[in-house]
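S.K.: here are the coordinates; sequence isn't available:
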């Protein structure tokens, strides 16, 4: 397959010849690496397919003999599924690998140049610490602010109607605006007020406030949903024991609501962390900005992959943790834990 | 002197009259059973007495306090009158003993150790001294309801409102809960209970009230109301119970 790419390179076609000359310094024997994906596919798939075929034939035979075996049927079905899964996986993996190796590894080099990665990663990781710090501080603020909003929104009675209205307006407004816009409004707006307290704030502080304002609105809705999902008997029981409304909220309702929202909160934290990169519009040189600066210096996209790795190191384990918590709490509800 | 007193109480949900000119008195140390078909207003009556629901007409007194007054401190009232619910309503995020401790600590402001000692004594009393650290989901319905009773008793209430506390239980678990109510009755606790357990009502009630049409339709000693009622609706209700083998 690679021969067909390699052969025309010797033709007088200028572009391809240049391409070949470019890759001339590559000491690896050309043609072999791009053969790897098809080879792997060829090696992996047939054994699985073979077992699948054999068990299917075995089952057909036992049916023909008028003595179908359930074990055999189940095994044939299972192996058919494995064969399909193996084929699909091989196809996808081989496709990705082939794409990376296309055009004489140009794709691979554009994204995964190890030298560029080694050079750029320390700076990027250093700047990424800012993303982490801001996101963690913002997350604490978001949870507190969202709890206040959620309680405000569910306060009972006619007397609190204006407060409910205010909260609903706030939540609707900041969920309706693009987060970037709010960040610009707050990030540039607060210092521009001329009020000493705001004007003296660092980019970190205004950035964190902007994230709290935006994400507080989303997370408040999560809390409200969780509070609504708590059976009304809980509030009745708390009130009947003499708890006031806010006491019942604080000691009985909110602890349950927060527990049930833990997976959502982790998911939203991942969003917050990712959106700290938006703060670059305020002039904050965080991880992603650092990576972009490096990209323009070395004319290679690898620094972007570097900052991706930084994000992934934090977000992927959090995603897994979220799933684990969901599964565990489901099991606990069913009384198996 | 009557401890709980309802005077011409009226309550509506939209266009539906749930309670109409309802009068009721419960004296100290009395055990009054409310019986009647589902939806007759028994539970609503209990919830109104505890201020969990508002009323549109009439007055409700607990002791010398008018609890239907808009300026009364309901939280103080609720501390005097405990309530136990059909579906237990235990706090699922707390262990049994924490359920019994939380209001003592957060409402009455007791020290942790004091609250714990009281909680342990009450849980032992309802026979759950071995289950104190279990979460409600790990307890049977009967055990949960016994924790709920202990939780209410921890506030040292002067009267108890029991809202069909055995109707969500499997039949074999009803006895352990009623046993506790029986003991409380013998100790002289003032109780108002909505119930479907007629034999139990016959045993502990000083008075039985048949509720229908949003008011007390007929009342009297348990023996009289449950065996030989005067009024047609009470008779019809009891006949249906006999037919469904609940009496």
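M.R.: The structure has been received and is ready for your questions. This is a predicted model, so every value here is computed, not measured. Numbers count the residues shown, from 1 in each chain, chains lettered A, B, ... in the order given.
S.K.: Show me how the record splits chain A into domains.
M.R.: A:2-111, A:116-333 (automatic domain parsing).
S.K.: I'd assumed residue B:155 was in contact with residue B:118.
M.R.: No: the criterion here is CB atoms under 8 Å, and residue B:118 misses it with residue B:155 at 10.0 Å. For the C-beta atoms, the positions are set from N, CA and C on the backbone; glycine is no exception.
S.K.: all helices of the chain, in order?
M.R.: All of this is about chain A. Applying DSSP state H to chain A gives helices spanning A:2-6, A:14-22, A:32-64, A:70-111, A:114-153, A:161-176, A:179-192, A:196-199, A:203-229, A:232-240, A:245-248, A:254-275, A:287-298, A:302-333.
S.K.: wrong one, I was asking about chain B
M.R.: Taking DSSP H as the criterion, chain B contains helices spanning B:42-49, B:74-80, B:96-106, B:112-125, B:141-153, B:171-186, B:198-204, B:222-227, B:232-243.
S.K.: what about the ones you listed, which gets the closest to residue A:310?
M.R.: Among those, helix B:96-106 comes nearest to residue A:310, with 41.9 Å by CB to CB.
S.K.: I'd like the helices of chain B laid out as TSV, including mean pLDDT.
M.R.: Listed next are the helices of chain B as TSV, based on pLDDT from 0 to 100:
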stretch	mean pLDDT
helix B:42-49	90
helix B:74-80	82
helix B:96-106	95
helix B:112-125	95
helix B:141-153	95
helix B:171-186	91
helix B:198-204	87
helix B:222-227	89
helix B:232-243	88
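S.K.: tell me the most buried of those helices?
M.R.: Neighbour counts (mean count of other CB atoms under 10 Å in any protein chain shown) averaged over each of the helices of chain B peak at helix B:141-153, with a mean of 25.
S.K.: what angle separates that one from helix B:171-186?
M.R.: Inter-element angle recorded for helix B:141-153 and helix B:171-186: 20 degrees (by axes from the mean of the first three to the mean of the last three CA atoms, to 10 degrees).
S.K.: Output the contacting helices and strands for helix B:141-153.
M.R.: strand B:81-84, helix B:96-106, helix B:112-125, helix B:171-186 (3 or more CB pairs under 8 Å, 6 or more residues apart in numbering or on different chains; DSSP states H and E).
S.K.: closest one to residue B:3 among these?
M.R.: Closest to residue B:3 of the helices and strands packed on helix B:141-153 is strand B:81-84 (CB to CB; 9.1 Å).
S.K.: Strand partners (parallel or antiparallel) of that closest one?
M.R.: Here strand B:81-84 is paired, per DSSP bridges, with strand B:159-163 (parallel).
S.K.: returning to that earlier point: nearest to chain B, of the domains of chain A?
M.R.: domain A:116-333 (3.7 Å; CB to the nearest CB).
S.K.: How about that closest one and chain B, touching?
M.R.: Yes: shown here: domain A:116-333 in contact with chain B (CB under 8 Å from any CB of the partner chain) through A:231, A:233-234, A:236-244, A:247, A:251-252, A:255-256, A:259, A:332-333.
S.K.: Now do the contacts for residue 160.
M.R.: Since you didn't name a chain, this refers to chain A. The neighbours of residue A:160, taking CB atoms under 8 Å, 6 or more residues apart in numbering or on different chains as the test, are residue A:152.
S.K.: To clarify, I was referring to chain B.
M.R.: B:81-84, B:152, B:184, B:189-193.
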